[in-house]
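Visitor: Sequence first, then the predicted structure:
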Amino acid sequence: MHRPRLAGLALILCLAAAPAFAKAHKAAAPPPAPPPPDPVAVATGLRDKALNDPTAYDFVESLTTEVGPRLAGTVQAERGKDWALAKLKALGFTDVHAEPFPITAWVRGAESAEVTAPFPQKLMILGLGGSVPTPPEGIEAEIVLFHSYADLLAAAPGSLAGKIAVVTQPMPRTQDGSGYGWNNRARTRGPVEAARRGAIAYLTRSISPSDGRLPHTGKVWYVPDATKIPAAALGVPDAELIDHMALRGKPIRIRLVLNSTEIPNAPAWNLVGDIKGSSAPDEIVAIGGHMDSWDPGQGAIDDGAGMAVTAAAATLIGELPRHPRRTVRLVLFGAEEMDYASKPFADAHQGEASRYVAVSESDTGSGPLWTLSLPKGALDAPALKAVPSLMGPLRIIVADQPAQFSGSDFAELERTGVPAFSFRPDASRYFDIHHSADDTLNKVDRADLNQSTAAFAALVYLIADSDIDFRALAKGQPAPSRP
Ligand SMILES: [Zn+2]
């Protein structure tokens with residue numbers, strides 16, 4: 001809500017008109033606090049400052065240089081935890097702490113693959129996260145090739161007995177990342193579907209629109225009622241190589257070696273820091289990213305950038321002379337990639353869900369952001385009327401449709417009814433490097449990072465300084481169509 005400013009103006013005029021009176025009563029009570037600033041003016045100032053602020057880039061530069069990759073459950077992840085706790089304190093966050101939870105950590109070992117017949121040559125592969133290992137000497141078998149994931153699903157039970165299943169479905173390049181949503185089933189669910197049809201190992205073309213040779217990893221989802229078979233991603237050109245070999249009509253044999261180990265009850269942490277609200281500190285607007293990363297790269301775009309953007313936005317809000325009414329909470333989740341962090345956070349904050357005004361995770365790279373979805377009814381609330389004006393100059397479309405989902409780590413909290421807002425970054429290039437050894441600092445664009453920070457800072461401030469109640473708005477009528 002906008003605050004009434006007339007009372008403050010009247011007070012200023014009154015004081016200006018009576019200097020002699022003021023001097024004669026020096027010992028009297030101090031003058032009342034100045035009126036609160038106009039929230040839209042503050043949000044505009046935050047947005048414009050963020051566009052030239054070094055905090056976000058410095059965050060991800062420091063993280064990738066001083067820590068590097070942070071596979072959950074490893075010593076690197078623990079170093080990341082220590083780094084982040086110190087960094088948040090240095091940036092001015094309060095109540096900075098780690099919320100521990102145990103995970104089954106997965107650690108990659110030596111890996112290799114090669115075509116042994118009919119045209120022997122090495123392949124670039126990367127084991128999928130959580131994959132069971134092969135025997136030490138590896139698995140060598142004839143392959144069955146599928147050009148689409150749907151073809152694999154159409155294969156009859158038992159038809160892959162003793163074979164290595166290979167899916168080479170290419171991923172389309174899209175701005176909204178929908179190509180990933182469509183294709184990554186070949187990675188997450190493919191090993192289970194292949195095992196159900198008798199396969200002894202599984203290879204998928206990397207889930208990436210890139211033409212680069214580095215393979216892209218990601219989690220495999222095993223289920224209790226299917227045999228766990230070793231699974232890896234092929235580099236995109238290596239998947240195409242197998243397509244070409246298959247055109248020659250001869251049986252193709254591949255040897256796959258995957259060594260990995262698991263560490264039961266390994267430590268992981270969700271990290272929390274607050275910018276305490278000035279008058280309603282128990283009400284929380286929570287943003288963040290995830291601290292863990294895959295092992296081959298530096299964890300720069302996934303998700304150093306998302307943490308950097310949200311940490312910098314909260315830091316800028318914390319540097320204001322007057323904090324917003326509500327608390328801005330930063331959460332850096334500790335095991336997103338293996339899908340372990342969301343429930344521990346919701347469990348640790350059980351009973352507090354009603355205090356969360358809104359949540360949002362940043363987890364699709366450094367930007368630029370191109371759409372914003374708000375909770376239902378929010379755009380018609382007086383407190384957020386200025387959002388399209390604030391986002392327009394940043395080239396961000398404010399969607400009429402309400403936000404559905406704000407990221408996997410807040411999912412458990414959202415399931416309890418906590419409202420979410422969602423910025424969507426341009427994902428046209430993101431999946432070229434995502435989950436690969438190419439996820440490095442030099443892929444982070446400073447201008448994009450600052451545009452993302454500007455958008456988060458302005459919006460989060462407006463929500464945090466308001467008394468907007470998204471749950472109440474959601475119960476109202478559907479939003480009218482806008483001009
Ligand atoms: Zn991520």
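Guide: Looks like it arrived, so ask away.

Visitor: Quick one: residues contacting residue 199.
Guide: Residues in contact with residue 199 (C-beta atoms under 8 Å, 6 or more residues apart in numbering) are 144, 160-161, 163-165, 229. From N, CA and C alone the C-beta is placed, and that goes for glycine too.

Visitor: Out of these, grab the one that's most surrounded.
Guide: Greatest neighbour count in those, by other C-beta atoms under 10 Å, goes to residue 165: 28 neighbours.

Visitor: Model confidence for that residue, exactly?
Guide: Residue 165 carries a pLDDT value of 99.

Visitor: Pick the one among the contacts of residue 199 closest to the ion.
Guide: For the contacts of residue 199, the closest approach to the ion (C-beta to the ion) belongs to residue 229, at 25.5 Å.

Visitor: would you turn the contacts of residue 199 into a markdown table with distance to the ion?
Guide: A markdown table is the format used below for the contacts of residue 199 (distance: C-beta to the ion, whole Å):
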| residue | distance to the ion |
| --- | --- |
| 144 | 32 |
| 160 | 31 |
| 161 | 36 |
| 163 | 33 |
| 164 | 29 |
| 165 | 27 |
| 229 | 26 |
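
Visitor: Can you tell me which of the residues you listed is closest to residue 256?
Guide: Residue 256 lies nearest to residue 164 out of the contacts of residue 199, by C-beta to C-beta, at 6.7 Å.

Visitor: Show me what the helix or strand where residue 285 lies is packed against.
Guide: Here residue 285 is covered by strand 280-290, with elements defined by DSSP states H and E. With contacts taken as 3 or more C-beta pairs under 8 Å, 6 or more residues apart in numbering; DSSP states H and E, strand 280-290 sits against helix 305-318, strand 326-333, strand 356-361, helix 446-465.

Visitor: For it, list every residue counted as buried.
Guide: Neighbour-count burial for strand 280-290 flags 280, 283-290 (criterion: 16 or more other C-beta atoms under 10 Å).

Visitor: Of the residues you listed, which pair is most distant in space?
Guide: Largest separation among the buried residues of strand 280-290 by C-beta to C-beta: 280 and 290, giving 27.8 Å.

Visitor: can you count the residues close to the residue of the stretch 101-250 of the chain found nearest the ion?
Guide: Residue of the stretch 101-250 of the chain nearest the ion, by C-beta to the ion: residue 218 (9.8 Å). Other residues near residue 218 come to 22 when the count uses other C-beta under 10 Å.

Visitor: who touches it in this structure?
Guide: By C-beta under 8 Å, 6+ apart, the contact set of residue 218 is 128-129, 184, 187-188, 207, 233, 294, 337, 435.

Visitor: Filter those residues down to just the ones in helices.
Guide: 187-188 (DSSP state H).

Visitor: want to throw the contacts of residue 218 into TSV with distance to residue 401?
Guide: Formatted as TSV, the contacts of residue 218 follow (distance: C-beta to C-beta, whole Å):
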residue	distance to residue 401
128	33
129	32
184	23
187	28
188	26
207	26
233	33
294	32
337	28
435	29
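
Visitor: Of the contacts of residue 218, grab the buried ones for PyMOL.
Guide: Those of those that count as buried under 16+ other C-beta under 10 Å are selected in PyMOL with:
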select buried, resi 128+129+184+187+188+207+233+294+337+435
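
Visitor: Also near the ion: which of the contacts of residue 218, exactly?
Guide: Subset of the contacts of residue 218 in contact with the ion: empty, counting by C-beta under 5 Å from the ion.

Visitor: Tabulate the contacts of residue 218 in TSV, adding columns for pLDDT and distance to residue 414.
Guide: What follows is these, written out as TSV (pLDDT from 0 to 100; distance: C-beta to C-beta, whole Å):
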residue	pLDDT	distance to residue 414
128	98	27
129	98	24
184	96	21
187	98	24
188	97	21
207	98	25
233	98	30
294	98	25
337	94	19
435	98	24
